[in-house]
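Visitor: build me a model:
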Amino acid sequence: MSNAKKDTATETLDKVTQASNKAVKEGFEKSLNALNEFSAFQKDTVDAVIASATATSKSLEELNANSIAFAKKSMEEGVAAAKSMSSAKSLQELIEIQADFTKSSLEAYLAEVNKATELMSGMFKDGFKPLNDRFAAAVEVAQSQR
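Guide: Have a look, this model is predicted:
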């Protein structure tokens, strides 16, 4: 083989090798970038799950505290009403005390139900917001990959 053909073959081989190396390097860098993006995305997702659990936990603690306070208050009011009823001087007075107690108990119960409903609504809104944001981010990433 002549030197010119050897040089041409060597140059061609060098070009192919350089092109292959460049393609492998670019592919590796793209894969590494994708892995880094995926890791960051997963970290953000874990953070969102933690934020969701924290918000839900706080709301459940508040709901529990409110329920215990309401039960305690209701029990105390029931005992007070029973004492009042036992000291009634007439049947009419007993019926009035019992009617007042029933009315106030029902009003307090309805107020507590409304309070609990608002708290639970806020709990779901606050608890699901971080997860909804992550879902939106996942959709955005999926659409950007098209």
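
Visitor: give the contact list for the residue most central in space within the chain.
Guide: Taking C-alpha atoms, centre = their mean, the centroid of the chain lies closest to Ser52, which sits 2.4 Å from it. Shown in contact with Ser52 (C-beta atoms under 8 Å, 6 or more residues apart in numbering): 127-131. To be clear about C-beta, it is placed using only N, CA and C from the backbone, and glycine gets the same treatment.

Visitor: show me where this protein has its helices.
Guide: Ranges of helices within the chain are 3-86, 91-144, based on DSSP state H.

Visitor: mean pLDDT lowest where, among those helices?
Guide: Ranked by mean pLDDT, the helices of the chain end with helix 3-86 at the bottom, a mean of 87.

Visitor: and that one, how far from the chain's centre?
Guide: Relative to the centre of its chain, helix 3-86 is centred 11 Å away, using C-alpha atoms, centre = their mean, to the nearest Å.

Visitor: same check, this time on stretch 92-99
Guide: 49 Å.

Visitor: which positions within that stretch qualify as buried?
Guide: Residues Ile97 are the ones in stretch 92-99 that count as buried (16 or more other C-beta atoms under 10 Å).

Visitor: rewinding a little: for ChimeraX, write the select line for the buried members of the contacts of Ser52.
Guide: To isolate the buried members of these in ChimeraX, using 16+ other C-beta under 10 Å:
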select :127,130
